[in-house]
Each structure stands twice: as C-alpha cells, then as structure tokens.
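S.K.: this is a predicted model, with the sequence first.
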Amino acid sequence: MNLLELFIYPIKSCGKIALNQAEVTLKGLAWDREFMWVDESGQFVTQRTYPQLTKIQVQRLGDRIELSVEDSTIEPFKLQPTVTGTSKTVQVWRDQTVAIDQGDEVANWLQNALKSDAQPDFRLMRQSPDFIRPVDPNYAVNTDNQVSFADGYPCLLTNTASLAELNRKLQETYPLSSQQIPMNRFRPNIVIDTDQAFIEDQWKTILIGEVYFDLVKPCSRCIVTTTDQKSGERNQLKEPLKTLSTFRQQPRGVMFGFNMIPRNTGTIQVGDSVEVVETH
C-alpha cells in the first residue's frame, strides 16, 4: 500500500491544494484548515449552507495566499496572512476558540466573488497560535491532542478501493449512467492506494514515512458529499450519500474514510509506503 495523494484545504470549505510532500504538525498537515469564514456572530461557515464556497480556489505563493474563482471576471486576491489583527471568539461545532480577523479587503472580495447581496457579512479568520483547540476527549489519544479548523480531527484518510466499491454500487443503482464519483467529494488529506475496500476500519495505528497516525474514528459524511467540488451544484438525487447509506450506515452516521491523529511531527510524501502497525 502506498500514499497516492496529499491535499490541504487552507480555507475551510474552499478549494484544495494538491501536494507532493507535506509537513505533519500535531494539529494536522501544515496550513490545512488554518483559516475559515465566519458570519457576524462568529459561527463557522461551510459548504453545508453555502456550497458555492467550493468555487473559491486557493493557492500558496510563498507566505501569501491567492484566492480566485475559475472562469470569473473577479480578479484574484492576494492575502498576506496575519496573526496580529483583531482577535475574535469563533465557533466550530461545539468548540469555541479565538481567531484573528484577516481584514476588510478579503471579506469584500468574497462578497463580490459569490455575487450575493443576500448573504451575511462573512469574515476570514485565522486560527490563533495562542489558543489550542483540543480534539474531542472521547477520541483523543493524549490530553494534548489538538486540531485546526477541521471539523474535529487533524487528518482524514481515504482509500481508493473504498471509492471503487462505492462507484460499483452506484453503477448497479444507475446502470444507464457512466458518472463516477471523484475522491474530492470526500475532501481527504491523505489518499492511500489499496485493493481492499474499507480495510482501514480494521486499523488502529499506521506508519506513513516517518509519522505514526492513530486511527480514532470513522468519518461520518454529510450533504457536502453531494456537492460538485468544481461547480458547487448539489446532486438532486442526494448521491452518493443515498447509496453510501445502504451499506455504510452505522449508529453514528454514514461512514467513509477515517479520522486520524498524528503521534509525532515529520514529513510524508506521495509514494510513501503505508505500514499497518496495529489493528483492532
């Protein structure tokens, strides 16, 4: 088994960046979900409510971040991230933490990019280095486990064989359709290439490159999986979530992929072997 693909999403719910190599920090891959949009109350904003956020593409240019919208007349915006701006309490699910406002210019740019006067005034916030957001203690391996603005855990792993099995079942359900669901619907950080669907359910600890990861919780999926990650359009049949629920429904939700916590820092890269250290 090998590490096939690596992704980060610097701004939560916006576009991905594919990497050949990534630095693993204790809260996940460097720069992953370091930023997020919030509404006027400080509540986090995602594709669940605003699917058009996926159209915001993100690139890193040295220490700056460029935001753009493909096939749009809106000029790209180059953001110089700061940790010295106005701090504000923000909410991610049940967690409250402190983040740094990235300014009026980027907030105004998003308003124009989404072409909506009806939406609230969103602000782009960066996670404050002075405030640690802890992992859910029910699944944490150590008391100091931490996470970025990801939904709950530092890293998300998916498996190519699992996606192939899902697409096989979709083909059975819709034999006249040739559409295949791409892995980007599940917004993983780490994609591994295997020939056994959902084999990761059996794993407790794996080693990729020089980093050990504890697999702590299967990932429950939501309406984001029904959102085309290029156009922002929802699937009217609620696929692939509908089909996935027929064989991956568990007491805590419909599962695809696994949430992981790194034990140590280090570097991982595409092509690294994936070694199973401990199973359940």
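M.R.: Now that the structure is in, tell me what you want to look at.

S.K.: nearest residue to Gln91 in space, ignoring adjacent ones along the chain?
M.R.: Counting by C-beta to C-beta, 6 or more residues apart in numbering, the nearest residue to Gln91 once its immediate chain neighbours are dropped is Gln43, at 5.0 Å. Any C-beta I mention is one placed from the backbone N, CA and C, and that applies to glycine too.

S.K.: oh sorry, the question was meant for Gln180
M.R.: Excluding the flanking residues, the one nearest Gln180 by C-beta to C-beta, 6+ apart is Asn167, at 5.0 Å.

S.K.: close enough to count as contact, the one you found and Ser178?
M.R.: No - judged on C-beta atoms under 8 Å, Asn167 makes no contact with Ser178 at a distance of 10.5 Å.

S.K.: ok, the two, which is more surrounded?
M.R.: Asn167 (16 against 7; other C-beta atoms under 10 Å).

S.K.: just the CA atoms of stretch 263-272, as PDB, please.
M.R.: Below are the C-alpha coordinates for stretch 263-272, written out as PDB (Å, rounded to 0.1, in the frame of the first residue of the first chain):
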ATOM      1  CA  ARG A 263       1.700  10.900  17.200                       C
ATOM      2  CA  ASN A 264       4.700  12.800  16.000                       C
ATOM      3  CA  THR A 265       5.700  15.500  13.600                       C
ATOM      4  CA  GLY A 266       7.600  14.900  10.400                       C
ATOM      5  CA  THR A 267       7.400  14.700   6.600                       C
ATOM      6  CA  ILE A 268       5.300  12.500   4.400                       C
ATOM      7  CA  GLN A 269       5.200  12.300   0.600                       C
ATOM      8  CA  VAL A 270       3.400  10.800  -2.300                       C
ATOM      9  CA  GLY A 271       4.700   7.300  -2.900                       C
ATOM     10  CA  ASP A 272       5.500   6.600   0.800                       C
END
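
S.K.: where does the prediction get shaky in the protein?
M.R.: Counting by pLDDT under 70, the chain contains low-confidence ranges at 116-120.

S.K.: farthest from the middle of it: give me that residue.
M.R.: Distance from the centre of the chain peaks at Leu176, with 31.5 Å (C-alpha atoms, centre = their mean).

S.K.: list the backbone torsions phi and psi for that one.
M.R.: Backbone geometry at Leu176, expressed as degrees, to the nearest 10, gives phi -90, psi 0.
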